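**Student:** Predicted model follows, preceded by the sequence.
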Amino acid sequence: MNMRRFTHRDRKDRDFAEEIESHLAHEEDANLARGIAGNDARRQARVRFGNPRTVREQVWRYRSFPWIEDLWRDFRFALRSLAKTPGIAIIAVVVIAVGIGVNTAVFSVIDAVLLKPLAYPDPRELVALVNTGPRGNFPGASIPRFSLWRQQTSIFQKVAAYDFGGAGLNITGSDHPQQVQGVHVSADYFSMLGAPVIAGRTFTAAEDSPNGGHVTVLSYGLWKSRYGGDPKIVGSTIQIDGQPYLVVGVIGSGFVTEAPADLWVPFQFDLNSKDMVFFFTAAARLKPGVTIPQANAQLRLVADQFRRMYGQNSLPPDGSFGVVSLQESMIGDTGSRLLVLLGAVGFVLLIACANVANLLLARAAARKREFATRAALGAGRVQIIRQLLVESLALSVAGGLVGLALGFAGVRLLLGINPGDIPRIGEDGAGITLDHRILLFTLGVSLLTGIVFGLVPAISASRANLTAALNENGSHASMGIRSGKLRSCLVVAEMALTVVLVIGAALLVRTFMNLEAVDPGFSMHNVISMSISVSGDRFQTTAPVAQVIQEGTDRLLAVPGVIGTGVSNCLPMAGGFGMSFDVVGRPKGSPDSQGGAGFCSISSGYFTTLKIPLLRGRNFTRQDDAAAVHVAIINSALAHHYWPDGDPLKEQILIGAGAGPAFAEGPRQVVGIVGNTHDNGPDTDPPPMMYIPLAQMPDPETALNSKVAPLWWFVHSQVDPHTLIAPISAALREGSGGLPVAHVRTMEELESANIARQRLNMLLLSVFGFAGLLMAAIGVYGVMSYSVQQRTQELGVRMALGAQASNLRNMVIRQGMMLTLIGVLIGGGGALWLTRFLASFLFGVRPLDAISFIATPVVLSVVAFFSIWAPAIRATRVDPMTALRIE
Amino acid sequence: MVMKRPPEAGEILQGTLDMLILRTLVLGPAHGHTIAQAIERTSENALEVEQGSLYPALHRLEDRGWVSSGWGTSDNNRRAKFYRLTGKGRKELNAAAGRWRRMTRAIGLVLGESFEQAGGDRR
């Protein structure tokens, strides 16, 4: 396109006006030459040329983008017109901002969790290696599996192993020892994920083999915070768990991992190991062009090979290996949860749209004469609709901008308070950043919103009957039956949407209340938990660990205010380790001779400190040490399942048979039965559990355990345990010979983290439901008070004819409640169908919960009733004389 | 909406005005009034230039770079805007004239044949 056409329009137009004058002068000259007299010569020249203004306009329009210019003109007019009713404009912008804000907030979480690719090069090639079976996929790897997976070079470029830094490592050898997240990795881990090395290098294959020496790679964060970003740290040694470790490299700040890491140390697997224990996770980078189904097909063959190598029982009958995309494996089931939230905020936005459409309908009714005048002056229907749409778009885009700021700031604030167990959002929601997807989403939603709430009023306004509108007296221009019906429909829709939203919120509130009411099976009052890591060479056998427990317990009990203390290698509510067991003496192969249960090693004070009741038999004592008879305590879930009639206290169990050399041990006498604990969260049944004394663990098991889990200490005090943190930590540090104490939290804090997900769901839906309720109330109030205002005259006539004030009031209330009831019925029907999508988020309440379905409509109707009350009272105050004199 | 109506004699076929203007300017620079007069006079008053459409056409030609313009003084000693053919305009004129000749020849062939046949039938 030739852009010269569109430039310097004003100058060219003036120039053209002059040119026309010149032309007319020449024509006049020619006429004079033909012998036409002076005035006539001039007149005829003008007649011949036609209207100069028309020609100028023609050229002017030729030099313009008509579509854009019209839009710009409409936009400026829209701003002027909105400025005339600033109240309506501000309310509309605020309502839209709330509607769009909640959508932006939820979308920004969806963006960070589901849409943003992983921050590694070629993230589509990255897969998590999983074990497959009829009950789904689960991650986890043993050395023999990892070793075999690594050999599949036809599908994988690289396979790497990593753990989640479970046990923690202690940086020692300076004034302030520090427990850090030390993640174990195999040598290929960094190159597989494309980690940026900013100093030194990562681990060599030799360093990642048995006896490869003590080496570590530091994270950017630890390098900055503990070593002041000193580049000379590479090549020097630091003390970890009392051993010198050579720092070989530092990773850059952009490297974000699934589990946060302060430093990395190599696994140093013995790849010939036959140890079948799962204690780490594996991921791989696919070869370019290899698809996930292809990799899965190959891995099924690998599973067969695995069975041939390690025996038929090395894998469950239906078990196999497979891959899922790494991103998918990180997200888990969060996706469906976020989509439910997106649905909920969609409802909020629809309610906001209905509300604003109502406002605009009222405004359009008041501007009827304006539109009629414009139509009389030649504006087409399309032009009037366009004008009104531009007005609503101006509102919605303004609302969208405010909503973007609101939603974005709001979601960060909310996740800072309650991260709600959502993966990939980083510390306090820091992983949520503004990007083009969020901007486009908000823009799209804003435009769509503007069209949705603008179109109905615009079309209805453009239908105006010219003569009727112009002849009507402006002060009581009735809104017309059609637009009155429209507004009623909008209120019904608002009510219906709100009912669905509030019923959803009510179900989640009831879920949360049920979860909080679940007795976890242990006491949390005045109990604080903390961890110490026993990861060093010092703790490769059971005796020194038992020693630390003994001394630490004694020191803690000496702290004034401490009533009891217990130690465990697993955290209640976080779930123990799964382990197989055999009931000694039952015939092999019978269904109750063998099973699996949660497995936890504890100190003698564990049950009393957490007030887990001893139902039968005896508790562990200090005498249950390595030299004594090996004993176990089971919980009542396990006892009921395997000894429905018999007495477990007369029997022995063999724990961990076949689980690998680390767990090889003799049978244990069952000496007690304790109460159940909800270890997998309050919403699942308590799992069967086996407990053994920490002091009776086989040495290899202790060595493995020290690597994967810290020791958790629980201290029960008479007073608020927060006040005792300092003396407790000091006592524990002394008792353990200087090990740092970390993860100090009360049990109540742990519990609330445990139901953070449900708490966030409930919080959000309650906020959405409340916002919807408020908007619906405003909507019904607006419609009824407007209709009362419009019917002043009618009401006056009724009064003059003898209607009682109470008649008029009841009439208005009846009409308003009618709308409410229709809305509530429709909404209830919608909720009947929609709540099924909430089923998997509920606990202890069915999707068709009677209380929610009865209480919500009642509450809504009451709210609506109060919204209608004020306009109804106003109807009774109509003075018949004034009302009639208006005419 | 512009109504379509059959072109009457003397009205210039759509699209041909540009070509006629360019042709007129081959003789030398001219202002709008002279261009209109020249077209009418050369066509022995068979063609009448609607003065309202002359100027939009001139401005369009100028934007396309086929003519250039500048203010000057006319024979009548009046200020007038003169248009001058550019190199690009000359090329366009040749192309347009070629297209026009090919078309009129084709139309002539079609018309001529049918006239002969019509005449033969009558005989």
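**Tutor:** Ah, there it is. Residues are numbered from 1 along each chain as shown, chains lettered A, B, ... in the order given.

**Student:** Could you use CA atoms for every contact and neighbour count after this?
**Tutor:** Noted.

**Student:** which bits of chain A sit near chain B?
**Tutor:** When proximity is defined by CA under 8 Å from any CA of the partner chain, chain A lies next to chain B at A:2, A:4-5, A:19, A:22-23, A:26-27, A:29, A:48-50, A:52, A:55, A:58-59.

**Student:** For chain B, which segments count as strands?
**Tutor:** All strands of chain B, identified by DSSP state E, fall at B:30-31, B:67-73, B:79-85.

**Student:** closest one to chain A among the ones you listed?
**Tutor:** For the strands of chain B, the distance to chain A is smallest for strand B:79-85, at 5.7 Å, taking CA to the nearest CA.

**Student:** Please list the outside residues in contact with that closest one.
**Tutor:** A:19, A:22-23, B:22, B:25-26, B:28-32, B:66-74 (CA atoms under 8 Å, 6 or more residues apart in numbering or on different chains).

**Student:** Selection in PyMOL covering whichever of these are buried, please.
**Tutor:** Those of the contacts of strand B:79-85 that count as buried under 16 or more other CA atoms under 10 Å in any protein chain shown are selected in PyMOL with:
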select buried, (chain A and resi 19+22+23) or (chain B and resi 22+25+29+30+31+32+66+67+68+69+74)
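
**Student:** circling back to that earlier point, how about the strands of chain B, which one is nearest residue A:690?
**Tutor:** Of all these, strand B:67-73 sits nearest to residue A:690, with 97.8 Å by CA to CA.

**Student:** tell me which strands and helices the closest one is in contact with?
**Tutor:** Applying 3 or more CA pairs under 8 Å, 6 or more residues apart in numbering or on different chains; DSSP states H and E, we find strand B:67-73 packed against helix B:51-63, strand B:79-85.

**Student:** Closest approach to chain B from the stretch 751-887 of chain A, which residue is it?
**Tutor:** For the stretch 751-887 of chain A, CA to the nearest CA, closest residue to chain B: residue A:790, 41.3 Å.

**Student:** okay, now that residue: neighbour count?
**Tutor:** Neighbours of residue A:790 under the rule other CA atoms under 10 Å in any protein chain shown: 17.

**Student:** Could you report the pLDDT at it?
**Tutor:** On the pLDDT scale, residue A:790 is placed at 75.

**Student:** Mind listing what's buried along the helix or strand of chain B with the lowest mean pLDDT?
**Tutor:** Least confident helix or strand of chain B, by mean pLDDT, DSSP states H and E, is helix B:87-122 with a mean of 78. The neighbour-count criterion (16+ other CA under 10 Å) identifies B:89, B:90, B:92, B:93, B:96, B:97 as the buried residues of helix B:87-122.

**Student:** re earlier: using CSV, lay out the strands of chain B together with mean pLDDT.
**Tutor:** As requested, these are exported to CSV (pLDDT from 0 to 100):
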stretch, mean pLDDT
strand B:30-31, 90
strand B:67-73, 89
strand B:79-85, 91
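
**Student:** Which of those strands sits closest to residue A:178?
**Tutor:** For the strands of chain B, proximity to residue A:178 was assessed by CA to CA; strand B:67-73 is nearest, at 82.4 Å.

**Student:** so how far is the closest one off the chain centroid?
**Tutor:** On the basis of CA atoms, centre = their mean, to the nearest Å, strand B:67-73 sits 20 Å off its chain's mean C-alpha point.

**Student:** Not counting it itself, show me its contacts.
**Tutor:** Identification of contacts with strand B:67-73 by CA under 8 Å, 6+ apart yields B:22, B:58, B:61-62, B:79-86, B:89.

**Student:** next one: stretch A:550-560
**Tutor:** Stretch A:550-560 has contacts (CA under 8 Å, 6+ apart) with A:562-566, A:715, A:727-728, A:731-736.

**Student:** How about stretch A:421-429?
**Tutor:** Stretch A:421-429 is contacted from outside by A:109, A:112-113, A:258, A:330-331, A:334, A:411-412, A:415-419, A:431-432, A:753, A:756-757, using CA under 8 Å, 6+ apart.

**Student:** Now do that stretch: distance from first to last residue.
**Tutor:** 11 Å (CA to CA, to the nearest Å).

**Student:** Could you list the buried residues of that stretch?
**Tutor:** For stretch A:421-429, the neighbour count (16+ other CA under 10 Å) marks A:421, A:422, A:423, A:424, A:425, A:426, A:428, A:429 as buried.
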